[in-house]
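Undergrad: return atomic coordinates for the entry below.
(one chain, ligands or ions: 1)
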Amino acid sequence: MTTPAVTYNLIKKDKHTGARLGQITTPHGTFDTPMFMPVGTQASVKAMAPEELKEMGAGVILANTYHLWLRPGEDLVEEAGGLHQFMNWDQGILTDSGGFQVFSLAELRNITEEGVHFKNHLNGQKLFLSPEKAIAIENALGADIMMSFDECPPFFESYDYIKKSIERTSRWAERGLRAHKNPQTQALFGIVQGGGHKALREQSARDLVSLDFPGYSIGGLSVGESKAEMNHVLDFTTPLLPENKPRYLMGVGSPDALIDGVIRGVDMFDCVLPTRIARNGTCMTSKGRLVVKNAKYARDFRPLDEKCNCYACRNYTRAYIRHLLKTDEIFGLRLTSYHNLYFLLDLMRKIRAAIKEDRLLDFRAEFFEEYG
Ligand SMILES: CC1(C)O[C@H]2[C@@H](O1)[C@@]1(COC(C)(C)O1)O[C@@H]2CNc1nc2cc3nc(N)[nH]c(=O)c3cc2[nH]1
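TA: Predicted coordinates for the structure are as follows:
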């Protein structure tokens, strides 16, 4: 029996919810869960240096197969020694498979049993991605955790469409397992789909659990459905997944959704949200969102969040950061990006502490009272 590349250690279950305290061990280190993973789609978490990500406590970050395949090409990254070497990041890296990007970014041509034909969103060039091709790219990129190639169907698609889609996604997942060259050093996760249909989520989870992946993602969410619909799907999906393996909810990154996902047994999260909204001057604070570019902050010499201990909040004011953003000074979006990522990573630290002391529901109530 070979040692899997990634193992999960369940440390403690919360007494009152489905939340778990755990640790995930990868070839590039062991990290506490529940965790938030900053997104570095093109091998860079936008505007952040690796040292800054480390000092704020980031352990695993994301990169994207579709984007890196197009630019600079997986062969160049492999020649550079793989993603860790290429981007000077010695902790955890997870790559999404491109499935979602093909469906959300590229001009769709058509989906066949073999794979997906589509147009390159940059230059219109005809492209084809199959499970085998996606896995080969992820093997070349060298991430510690890789996603299966899947179809992320629209949440509100019909039962019949989504049933056919999850059955194909399960066949793709099995093909990906067979094509995977480095299971000892790179863990391939299965991605559970099924839209909002309980029976289809059960079928997708059953199929993928029978393939014994080292970890499982919950896909097909954070695609426009309401928070209540997402939470409802999580209520009946996370219990279908093995307790002794990591559960990763894809594309979720608002404070309330993180807390509610943890309560429903999710261990890992990622989203472009914190860095994306930071670039247009929107900051996450303990009192809700603060749009620091607003004129009312022109002479506000307080930090972004008076309860935050991050580099931006310890050294700069709303007035200064607003000035930088208004004058297109790059340092401005570096400070808002730093703060938003720190805010979510610090929120996960507080959540882990609350699980440890069996007071997660109290923490949730206190958080929402202030966050609004
Ligand atoms: C399209 C784009 C760039 O991806 C972000 C972002 O917009 C946006 C739009 O609203 C916010 C919340 C800001 O995040 O939603 C995306 C985040 N939601 C999400 N990411 C996912 C990634 C996924 N990967 C795979 N392989 N399979 C999936 O089923 C899957 C599902 C996902 N759901």
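
Undergrad: every contact and neighbour count from this point should use C-alpha atoms.
TA: Will do.

Undergrad: run through the residues of the protein sitting next to the ligand.
TA: Residues of the chain lying close to the ligand (CA under 6 Å from any ligand atom) are 96-97, 99-100, 104, 150, 152, 219-223, 250-251, 271-273.

Undergrad: what residues does stretch 88-105 touch?
TA: Outside stretch 88-105, the residues within contact range by CA atoms under 8 Å, 6 or more residues apart in numbering are 26-29, 50, 59-67, 83-84, 108, 118, 121, 134-135, 138, 143-152.

Undergrad: report the helix or strand with the lowest average pLDDT across the protein.
TA: Every helix and strand in the chain was compared by mean pLDDT, DSSP states H and E; the lowest is strand 107-111, with a mean of 82.

Undergrad: just the C-alpha atoms of that one, please, in CSV.
TA: Provided in CSV are the C-alpha atoms of strand 107-111 (Å, rounded to 0.1, in the frame of the first residue of the first chain):
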residue,chain,number,x,y,z
GLU,A,107,-16.6,30.3,-25.8
LEU,A,108,-18.2,26.8,-25.5
ARG,A,109,-18.2,24.7,-28.7
ASN,A,110,-19.4,21.3,-27.4
ILE,A,111,-19.0,18.7,-24.7
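
Undergrad: follow-up on the earlier one: generate a PyMOL selection restricted to the buried subset of the residues of the chain next to the ligand.
TA: Restricted to buried positions by 16 or more other CA atoms under 10 Å, the PyMOL selection for the residues of the chain next to the ligand reads:
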select buried, resi 96+97+99+100+150+152+219+220+221+222+223+250+251+271+272+273
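
Undergrad: which ones among the residues of the chain next to the ligand lie within strands?
TA: residue 96 (DSSP state E).

Undergrad: among the residues of the chain next to the ligand, which are located in helices?
TA: Mapping the residues of the chain next to the ligand onto helices (DSSP state H) picks out 99-100, 104, 273.

Undergrad: check contacts around residue 313.
TA: 303-306, 339.

Undergrad: so which strand or helix has it?
TA: According to DSSP states H and E, residue 313 maps onto helix 311-315.

Undergrad: likewise for residue 189?
TA: Assigned by DSSP H and E, residue 189 belongs to strand 187-192.

Undergrad: I'd like the average pLDDT over that strand.
TA: Averaged over strand 187-192, pLDDT sits at 98.

Undergrad: that one: what's the following helix or strand?
TA: Under the assignment DSSP H and E, the closest C-terminal helix or strand after strand 187-192 is helix 198-209.

Undergrad: same question for that following helix: list its buried residues.
TA: In helix 198-209, the ones that count as buried by 16+ other CA under 10 Å are 198, 200-205, 207-209.

Undergrad: mind giving me the packing neighbours of it?
TA: Using 3 or more CA pairs under 8 Å, 6 or more residues apart in numbering; DSSP states H and E as the contact test, the elements touching helix 198-209 are helix 159-179, strand 187-192, helix 227-237.

Undergrad: comparing these, which stretch has the densest surroundings?
TA: Sort those by mean neighbour count, taking mean count of other CA atoms under 10 Å, and strand 187-192 sits at the top with a mean of 29.
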